[in-house]
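1. Could you work out the structure for the sequence below:
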Amino acid sequence: MTNDTLVWLLPLLLLAVGLLTAGHALLNKRDPKAAFGWIALCIILPLGGPVLYYLFGINRVLTRARKDYDSKLNRDALSTICDPPGTDFRPLSTVGEVLTRKGLSACTQLDMLENGEQLYPAMLKAIASAQKRILLASYIFDHNTSGLQIADALAAAVKRGVEVKVIVDGLGEMMNFPRIGGALKSRNIAFARFNPLKLIPPSLNINLRSHRKLLIVDGKRAFTGGQNIGDRHLADNQDNPGRVLDMHFCLQGEIVDDLEWAFWKDWYYCTNSKPPAAFEGSNVNALDAQVWSRLILDGPNKHIDKLNNLMLGVISAARSRVLIMTPYFLPTFDIIGALIAAHLRGVAIQILLPGHNNIAAAHWAMQNTLRQLLEAGLDIRYQPAPFVHSKLLLIDDSYTLIGSANIDPRSLRLNYELGVELFSRDVNARIGAYYASKAERATPVTLEDLNRRSLPTRIRDSLAWLFSPYL
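-> Take a look at the predicted model:
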């Protein structure tokens, strides 16, 4: 083949690759704007566009996950109750019931644990008391003082005969070097990475991360929420670089069985192994429980966006108030519409966001998103530094949603996330008081603030917004 022939064939080959990639986006993308964007990119940049689409646009585990991820561990043995005696949580409880086809599980105790100063001692105490098994999953598990304290406590449990298993996200583990995996393995701790990034054989699942945080001890206590494991969560230390404020929870009761089932589901997925039997929990539903709860699992292996639809449903059912605290706020258009509709029918809406964000591009894109909500008259406030990573949704006076998910496309469409619905006036009041204390110190955001941005700043924010599905 002559050089002249290559000169003619190479542009045709690049054009064919661009058209084929654009066709894949056309047939597989659900969002028309996302599809149009990828199609345009692949046609304009027939070489760079397909490369970017391969790295960021393809859900590589979708087919595999839908075939076998959900079927690996059955939880039919776990009992739930749609309408616990003496309660009336509808219509708010109906939304999660329809999405999960499960009722409610008793939560006999719930403790709030703010920042690493409260969380890590509670985790260490629980690990030290373990007699049977310790199951730990985290998006980020840093190799620093806090992380190694947890690792040492787990190693001590292994030495006294406790079963210990740890899952760390393959990308999240790379947020701190050296990676924690080596320290865990050297301590004889059973350890697995969720979707590890590998060059040989190629595995570049950059977008499909496990953002779930779990610690389950002896099937009796479960810790979950927004906090990772690392020194950054030691918020009382003023000299701590990049310190983070966050909230975590310790739960007891039947809900612990649901959370343990979620861990084992991920463990069998990560290790490509099969469970020896259907899962059976360690707890029973206490009919006199003061708190009722429901696990919501979501991820790219699901046919529907459960957490997005859950938030959409409960916001639409709100009668008096909707309180949101989230570190990243890039809601889908349907959630924006639900918030505005709730405001128009007299529901008090308040949204607390971090004034200082650890991801600058996410903050820029968020500023471009707020205009429509501010024009509708919603109360949006920025919390002062340091960065606030807490994730809370409170509806009326008896519904609270906690867990790992942010209100952004990455959490609601790309990540594997975990949410826990809590139905209780007492819990709602306790978490509401925490929320109110933060709202008092927050600064309202106004349209005038947005309008005062310079033209270069508005262009920067708008460009960041274009890439919001991947921030």
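2. Using the three-state scheme, assign the residue nearest the centre of the chain.
-> Residue closest to the average C-alpha location in the chain (Cα atoms, centre = their mean): Ala405, at 2.7 Å. Following DSSP: H, G, I helix; E, B strand; the rest coil, we place Ala405 in the coil state.
3. and what of Leu297?
-> Once three-state DSSP is applied, Leu297 turns out strand.
4. Now do the strands in the stretch 201-350 of the chain.
-> Ranges of strands within the stretch 201-350 of the chain are 214-217, 221-225, 244-245, 247-252, 291-298, 321-325, 348-354, based on DSSP state E, counting those that start in this stretch.
5. can you put these in a markdown table and add mean neighbour count?
-> To be clear about C-beta, it is placed using only N, CA and C from the backbone, and glycine gets the same treatment. Listed next are these as a markdown table, based on neighbours: other Cβ atoms under 10 Å:
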| stretch | mean neighbour count |
| --- | --- |
| strand 214-217 | 25 |
| strand 221-225 | 24 |
| strand 244-245 | 22 |
| strand 247-252 | 23 |
| strand 291-298 | 25 |
| strand 321-325 | 23 |
| strand 348-354 | 21 |
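6. I'd like those as JSON lines, with distance to Asp88 appended.
-> Formatted as JSON lines, the strands of the stretch 201-350 of the chain follow (distance: least, Cβ to Cβ, whole Å):
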{"stretch": "strand 214-217", "distance to Asp88": "31"}
{"stretch": "strand 221-225", "distance to Asp88": "26"}
{"stretch": "strand 244-245", "distance to Asp88": "35"}
{"stretch": "strand 247-252", "distance to Asp88": "23"}
{"stretch": "strand 291-298", "distance to Asp88": "11"}
{"stretch": "strand 321-325", "distance to Asp88": "18"}
{"stretch": "strand 348-354", "distance to Asp88": "22"}
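7. Looking at the ones you listed, spot the one closest to Ala34.
-> Closest approach to Ala34 among these is made by strand 291-298 (18.8 Å; Cβ to Cβ).
8. Show me what the closest one is packed against.
-> helix 92-100, strand 105-107, helix 255-271, helix 306-317, strand 417-423 (3 or more Cβ pairs under 8 Å, 6 or more residues apart in numbering; DSSP states H and E).
9. next helix or strand past the second one?
-> Following the chain from strand 105-107 toward its C-terminal end, the next helix or strand by DSSP states H and E is strand 109-114.
10. which secondary element of this structure has the worst mean pLDDT?
-> The helix or strand of the chain with the poorest confidence is helix 62-64; it has a mean of 51 (mean pLDDT, DSSP states H and E).
11. And what about Ala439, helix, strand or coil?
-> Of the three states, Ala439 takes helix under three-state DSSP.
12. do Ile380 as well
-> Going by three-state DSSP: Ile380 is strand.
13. Might one say that it is in contact with Pro444?
-> Yes - the pair formed by Ile380 and Pro444 meets the contact definition of Cβ atoms under 8 Å, at 7.2 Å.
14. The nearest residue to Thr271 once chain neighbours are set aside: how many residues sit nearby?
-> The shortest distance from Thr271 to any non-neighbouring residue, by Cβ to Cβ, 6 or more residues apart in numbering, is to Ala192 (5.4 Å). As a burial measure, Ala192 scores 21 neighbours (other Cβ atoms under 10 Å).
15. Backbone torsions only: list them for Asp88.
-> Dihedral angles of Asp88 (phi, psi; degrees, to the nearest 10) stand at phi -150, psi 90.
16. Report how many residues lie close to Leu234.
-> 18.
17. show me the contacts for it.
-> Shown in contact with Leu234 (Cβ atoms under 8 Å, 6 or more residues apart in numbering): Asn115, Gly116, Glu117, Ser146, Asn240, Arg243.
18. what ranges of this protein fall below the confidence cut-off?
-> 1-11, 14, 29-31, 33, 57-72, 77, 200-205, 302-303, 470 (pLDDT under 70).
19. tell me the domain ranges of it?
-> Per automatic domain parsing, the domain ranges recorded for the chain read 3-54, 65-297, 306-470.
20. thought Ser210 was touching Trp267?
-> No - Ser210 is beyond contact range of Trp267, at 11.1 Å (criterion: Cβ under 8 Å).
21. before we move on, back to that, and the residue nearest to Thr271, which helix or strand is it part of?
-> According to DSSP H and E, Ala192 maps onto strand 190-194.
22. Indicate which one of the strands of the stretch 201-350 of the chain is closest to Asn176.
-> Ranking these by proximity to Asn176 (Cβ to Cβ) places strand 244-245 first, at 13.5 Å.
23. Return the distance of that closest one from the chain's centre.
-> Taking Cα atoms, centre = their mean, to the nearest Å, one finds the center of strand 244-245 at 16 Å from the center of the full chain.
24. How about stretch 140-149?
-> For stretch 140-149 - counting by Cα atoms, centre = their mean - the centre lies 20 Å from the chain centre.
25. What residues of it count as buried?
-> For stretch 140-149, burial by neighbour count (16 or more other Cβ atoms under 10 Å) applies to Ile140, Phe141, Asp142, His143, Ser146, Gly147, Leu148, Gln149.
26. That stretch spans what distance, first to last residue?
-> 15 Å (Cα to Cα, to the nearest Å).
27. next one: stretch 442-458
-> Stretch 442-458 end-to-end distance (Cα to Cα) = 23 Å.
28. doesn't Leu307 make contact with the residue nearest to the centre of the chain?
-> Yes - between Ala405 and Leu307 there is a contact under Cβ under 8 Å: 5.2 Å.
29. Now for the two: what residues contact both?
-> Common neighbours of Ala405 and Leu307 (Cβ under 8 Å, 6+ apart) are Asp298, Ser411, Leu412, Glu417, Gly419.
30. now those residues in CSV, with distance to Asn176?
-> Output for those, formatted as CSV (distance: Cβ to Cβ, whole Å):
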residue, distance to Asn176
Asp298, 26
Ser411, 21
Leu412, 26
Glu417, 22
Gly419, 26
